[in-house]
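[1] coords below, sequence missing:
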């Protein structure tokens, strides 16, 4: 059985800073268009996809005005208390949603994906877990081993000396309700240390806590699989990064593609009928063009330019 996929949209506060969005656009409108395209892509292959939000009334009204009439919405109340001034405020509520998955109210098998993800082919057999959790561990195959090396001091603040230099992405996590129940206990145990010491960490956001919680989850004897190794999911940046990136053409067989720097492209596609072959061709042209620009514009910049091949 494939999981029921969910995206999370916390309505941005007035003037709230948002990352990786095109300038001059309404963040809510961009997120909604990305969500609509993501939902259509998963549904195309027969998978259920629901948008969880803290303002279903507002989201429904805005969706109707934008001509989006096929989004399944679910309203949820989020009460997690966040430290004042912490960046990436909405992303932290993913942690609370993962805890809600453990209550059984969302079904027996569910997955959380980011709104800027696309399903471009049927999920491989390895995506269908019968126990435990399946996440996305970034590492050498993604060119991000250098990022993991920077985590040591941050993970030590959360896990003490008993830690591994692993970075688990927040764009994909799937499993059964009982497994999310166990994960919630580890998230809750780590939250006070994170809330108190996040300014000292290399990264603020759900991934810092989730990565540490997944280590504790696995160390407690629970099963944790890496979906990236199974060809289920991959992250690709068309922006410059601090790690040497993987080539876009290496990801042709990946089922779920996360494109955090391409929300403008995804939002523009939301108004078209979903055709995976046509979308893939358009995405290929978009990436090639953007990679050429990034490599040229970044000659004097820092970091690594994205790679197409």
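    Cool, got the structure. Bear in mind the structure is a predicted one, so any value in this text is a computation, not a measurement.
[2] where does this structure have low pLDDT?
    15, 126, 129-130, 140-149, 297-302 (pLDDT under 70).
[3] if you set the cut-off to 80 instead, what comes out?
    Applying pLDDT under 80 to the chain flags residues 1, 14-24, 126-130, 139-152, 240-245, 294-305.
[4] Please enumerate the strands of it.
    4-9, 49-53, 73-75, 109-113, 117-119, 133-138, 167-176, 224-226, 233-235, 256-258 (DSSP state E).
[5] how about the residue nearest to residue 196 when sequence neighbours are not counted, what does it touch?
    Excluding its sequence neighbours, the residue lying closest to residue 196 (C-beta to C-beta, 6 or more residues apart in numbering) is residue 83, at 8.0 Å. Bear in mind the C-beta positions are built from the backbone N, C-alpha and C, glycine included. Contacts for residue 83 (C-beta atoms under 8 Å, 6 or more residues apart in numbering) come out as 195-196, 198.
[6] Weed out the non-buried ones from these.
    Buried by 16 or more other C-beta atoms under 10 Å: residue 198, out of the contacts of residue 83.
[7] tell me, what residue is most central in the chain?
    In the chain, the residue lying closest to the centroid (C-alpha atoms, centre = their mean) is residue 171, at 1.7 Å.
[8] Does that residue touch residue 111 like I think?
    No: when contacts are counted by C-beta atoms under 8 Å, residue 171 is not listed as touching residue 111 (10.6 Å).
[9] I'd like to know how far residue 4 sits from residue 272.
    25 Å (C-beta to C-beta, to the nearest Å).
[10] With neighbour numbers in mind, choose between those two.
    residue 4 (19 against 12; other C-beta atoms under 10 Å).
[11] Bridged to that one, which residues?
    residue 110 (DSSP bridges).
[12] pretty sure it contacts residue 105?
    No: if you go by C-beta under 8 Å, residue 4 and residue 105 don't touch, sitting 11.7 Å apart.
[13] and the spatially closest residue to residue 288 that is not a sequence neighbour, what is it in contact with?
    Nearest residue to residue 288, sequence neighbours excluded (C-beta to C-beta, 6+ apart): residue 308, at 5.3 Å. Contacts for residue 308 (C-beta under 8 Å, 6+ apart) come out as 247-249, 287-288, 291.
[14] If we use 6 Å, what do you get?
    248, 288, 291 (C-beta atoms under 6 Å, 6 or more residues apart in numbering).
[15] and the gap between it and residue 281?
    Computed with C-beta to C-beta, the distance linking residue 308 and residue 281 is 14 Å.
[16] and the closest residue to residue 225 other than its chain neighbours, what are its bridge partners?
    What sits nearest to residue 225 in space, not counting adjacent residues and going by C-beta to C-beta, 6+ apart, is residue 134, at 4.5 Å. Note on residue 134: beta-bridge partners by DSSP bridges are residue 174, residue 225.
[17] count of residues packed around residue 134?
    By other C-beta under 10 Å, neighbour count at residue 134 equals 24.
[18] ok, it - contacts?
    174, 225, 227.
[19] out of those, which is most surrounded?
    Greatest neighbour count in these, by other C-beta under 10 Å, goes to residue 174: 30 neighbours.
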